[in-house]
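**Q** attaching a predicted model along with its sequence, questions to come.
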Amino acid sequence: KLAPIPKTKEDSFLGKLMYANLFGQATNGAVIGLSENGNYLTLTKLIDYNVDYQEFKEILEDFLNAAFFWREETLNLK
């Protein structure tokens with residue numbers, strides 16, 4: 001869970017999230033979603049192949065950068 005979904009401008013924010021998922025550019029290849037109850041923003045990244053330490057480190061860094069970015073975007077709308 002990254003952050004609660006903002007109640008102000010919720011429709012435009014959800015549209016922004018769908019656009020971010022479209023080609024994965026705004027998520028660095030991860031997927032933005034909602035928690036089961038729809039109240040929290042989530043970010044998921046699947047690595048479905050073997051990676052060495054250096055590649056894992058780069059993937060993790062990209063994932064964390066996307067997580068921090070979307071958490072800040074969400075919290076700035078409150």
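**A** That came through fine.

**Q** so which elements touch the helix ranked longest in the chain?
**A** Determined from DSSP state H, the single longest helix within the chain is helix 53-76. Packing partners of helix 53-76 (3 or more Cβ pairs under 8 Å, 6 or more residues apart in numbering; DSSP states H and E): strand 3-4, helix 10-23, strand 40-44. The way it works is simple: take the backbone N, C-alpha and C, and place the C-beta from them, glycine included.

**Q** list the contacts of the last one.
**A** In this structure, residues lying in contact with strand 40-44 by Cβ atoms under 8 Å, 6 or more residues apart in numbering are 1-5, 17, 27, 30-35, 63, 66-67, 70-71, 74.

**Q** if we use 6 Å, what do you get?
**A** Outside strand 40-44, the residues that touch it by Cβ atoms under 6 Å, 6 or more residues apart in numbering are 1-4, 30-33, 35, 67, 74.
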